[in-house]
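**Q** predicted coordinates and the sequence they were generated for:
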Amino acid sequence: MKRLLILMAAMLSFPAVADNNNIVVLEVKGGIGAATAEYIANGIRHAEDTSAELLVIKIDTPGGLLNATRDIIQDILASEVPVATYVTPDGARAASAGTYILLASHVAAMTPTTSVGAATPVSMTGGDATPSPAPSPVPQPADQPDSAEDTTEKPAESASEEMQELPGTAMERKVLNDAVSYIRSLAERYDRNADWAEDAVISAATLTAEEALEQNVIEFVATDLDDLLQQLNGYEVAMKSGEQALATDNAVVDNYEPNWRMKLLAIISNPEIVLLLGLAGVYGLIYEGWNPGAIVPGVVGVICLLLAAYALQVLPVNYAGLALIVVGVALMIAEAFAPSFGALGIGGIAAFVFGAIMMFDKDIPGFGISLAFVIGLAVVFAALVIWMVGYILKLRRRGGVSGADSIVGGTATVMEDFTTEGRVWLEGEAWHARSAVPVSKDQHVVVVAMDGLILDIKPQ
């Protein structure tokens, strides 16, 4: 019995060996932003903490922000767990930033009917960073070759050499050269087709899943996650520590979900949501300022403004556009204070629309803003603020609604005939009243003064 207990204690002292391998799966949809970067970083840490065999990023994206993309790539390259980026489901794409992430991963895979490419960087002004192509030389007649032309065969120039000859501003060439060198380094790290990767930047080239497999851009085409894991079983990936064979047979899939903070950041980092939060915050504070003590509008306004300010920190913002939005809101408010037959209101709407368009670059994939949304929002909120401020001013002009301020100037009804003193009915109560002239029952009188609980009245 003693030996049995010793044997059981020895068995418990050894860590249990899992029958199945742990595969952590992340899902990325939509634009690549700060929330996506944080989600992937946390997913990688989770995979490392759980000693996962593999981390799979299921991706479907039109692109996203440059800083967030670089953060994601750095986390993938530093990961101690192999990372497989899988473009899925059918019809998905890994465009722009998604192409960089796919090439930076240890394993690149796609579902049939998906696409990859179009990785041309977008400048902060909204246009392509790719310079315009140089004009073609004037063709020479076939029977009159140029005598100065060297007819000896020359080696074909690389895409990089051709790119250097393209015209454009210094900033355009700088952005393009940086993007080309970056994507080539990612492709070469895992012996993928660097020439096509460069073409994806210069010419916005794209490939289907089968074409990407044939041209050595990806390693696998899989119909679903189970098919991918089956193909990956025994596949060797290049890690910093050396070659590592993947064991994905009978894998246990751990779907890693973003926490509430990442979900909130993903929602509020949408430019359209930022505009709604900012306007709701401004109007909430306006209402609170004109109606002190309401509390709820002020609290909601402050929270909305803080959320909008937080979102603006992770979005590329043109501050000239932000200034135009502020001017637009101020003009809408001025229309309510000093009616100008619509001049101030129309000017405010125009400033708001132009500011919203300038504030966010509509060409950044996944972070554009709809012109129809901006115009509709401007009209609705302009009408709201004009009505709200006008209503508040009307309340101010009406005066008090309780206490002496509401009684003096009010209209009362005489309850009985009297010459000097008697009773009147006012605001649901009977009051003792004094009059300098005789009044009769049911006559309407106006309160001109209040002396304690006695009202001084006169005929209406």
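**A** Sure, I can see it. Numbers count the residues shown, from 1 in each chain.
**Q** wait, residue 232 sits on residue 56?
**A** No. Using C-beta atoms under 8 Å, residue 232 and residue 56 do not qualify as a contacting pair, with a distance of 9.1 Å. Just so you know, the C-beta spots here come from the backbone N, C-alpha and C atoms, and that holds for glycine as well.
**Q** overlap of the contact sets of the two?
**A** Listed as contacting both residue 232 and residue 56 by C-beta atoms under 8 Å, 6 or more residues apart in numbering are residue 84.
**Q** which one of these two has more residues nearby?
**A** Taking other C-beta atoms under 10 Å, residue 232 and residue 56 do not tie; residue 56 has more neighbours (31 against 26).
**Q** next one: the host helix or strand of the more buried one to chain centre, how far?
**A** Using DSSP states H and E, residue 56 sits within strand 54-60. Distance of strand 54-60 from its chain centroid, counting by C-alpha atoms, centre = their mean, to the nearest Å, is 21 Å.
**Q** that strand pairs with which strands?
**A** According to DSSP bridges, strand 54-60 forms sheet pairs with strand 22-29 (parallel), strand 83-87 (parallel).
**Q** just name the most buried of the ones you listed.
**A** strand 83-87 (a mean of 27; mean count of other C-beta atoms under 10 Å).
**Q** identify all contacting residues around that one.
**A** By C-beta under 8 Å, 6+ apart, the surrounding residues in contact with strand 83-87 are 44, 54-60, 76, 93-94, 98, 101-102, 104-111, 114-116, 209, 222, 225, 228, 232.
**Q** continuing past the strand holding residue 56, what's the next helix or strand?
**A** helix 66-78.
**Q** by how many degrees do that following helix and strand 83-87 diverge?
**A** 130 degrees (axes from the mean of the first three to the mean of the last three C-alpha atoms, to 10 degrees).
**Q** need the CA coordinates for helix 66-78. PDB is fine.
**A** What follows is helix 66-78, C-alpha atoms only, in PDB (Å, rounded to 0.1, in the frame of the first residue of the first chain):
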ATOM      1  CA  LEU A  66       0.100  51.900 -41.500                       C
ATOM      2  CA  ASN A  67       1.200  52.200 -37.800                       C
ATOM      3  CA  ALA A  68      -1.200  49.400 -36.700                       C
ATOM      4  CA  THR A  69       0.000  47.200 -39.600                       C
ATOM      5  CA  ARG A  70       3.600  47.600 -38.600                       C
ATOM      6  CA  ASP A  71       2.800  46.900 -34.900                       C
ATOM      7  CA  ILE A  72       1.100  43.600 -36.000                       C
ATOM      8  CA  ILE A  73       4.000  42.600 -38.200                       C
ATOM      9  CA  GLN A  74       6.500  43.200 -35.400                       C
ATOM     10  CA  ASP A  75       4.400  41.100 -33.000                       C
ATOM     11  CA  ILE A  76       4.200  38.300 -35.600                       C
ATOM     12  CA  LEU A  77       7.900  38.300 -36.300                       C
ATOM     13  CA  ALA A  78       8.700  38.300 -32.500                       C
END
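**Q** need the contact list for residue 23.
**A** Counting by C-beta under 8 Å, 6+ apart, residue 23 has contacts 52-56, 229, 248, 251-254.
**Q** sorry, back to before: which of the contacts of strand 83-87 fall within helices?
**A** Assignment to helices by DSSP state H places the following of the contacts of strand 83-87 there: 44, 76, 98, 101-102, 104, 209, 225, 228, 232.
**Q** just send those residues back as JSON lines, with distance to residue 328 and pLDDT too.
**A** Below are those laid out as JSON lines (distance: C-beta to C-beta, whole Å; pLDDT from 0 to 100):
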{"residue": "44", "distance to residue 328": "43", "pLDDT": "95"}
{"residue": "76", "distance to residue 328": "42", "pLDDT": "95"}
{"residue": "98", "distance to residue 328": "35", "pLDDT": "93"}
{"residue": "101", "distance to residue 328": "38", "pLDDT": "95"}
{"residue": "102", "distance to residue 328": "41", "pLDDT": "95"}
{"residue": "104", "distance to residue 328": "42", "pLDDT": "95"}
{"residue": "209", "distance to residue 328": "46", "pLDDT": "95"}
{"residue": "225", "distance to residue 328": "48", "pLDDT": "94"}
{"residue": "228", "distance to residue 328": "50", "pLDDT": "94"}
{"residue": "232", "distance to residue 328": "54", "pLDDT": "94"}
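**Q** neighbours around residue 452, how many?
**A** Residue 452 has 6 neighbours, counted by other C-beta under 10 Å.
**Q** name the SS class of residue 375, please.
**A** The local conformation at residue 375, judged by DSSP: H, G, I helix; E, B strand; the rest coil, is helix.
**Q** okay, now the closest residue to it other than its chain neighbours: neighbour count?
**A** With C-beta to C-beta, 6 or more residues apart in numbering as the measure, residue 353 is the residue that lies nearest to residue 375, at 5.7 Å, once sequence neighbours are left out. A total of 19 residues lie near residue 353 under the criterion other C-beta under 10 Å.
**Q** buried stuff in the host helix or strand of residue 353?
**A** Assigned by DSSP H and E, residue 353 belongs to helix 343-359. Buried residues in helix 343-359, counted by 16 or more other C-beta atoms under 10 Å: 344-345, 347-349, 351-359.
**Q** could I get those in CSV, plus columns for distance to residue 81?
**A** Formatted as CSV, these follow (distance: C-beta to C-beta, whole Å):
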residue, distance to residue 81
344, 59
345, 57
347, 57
348, 53
349, 52
351, 51
352, 47
353, 47
354, 48
355, 45
356, 42
357, 43
358, 42
359, 39
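**Q** I'm done for today, thanks for sticking with me.
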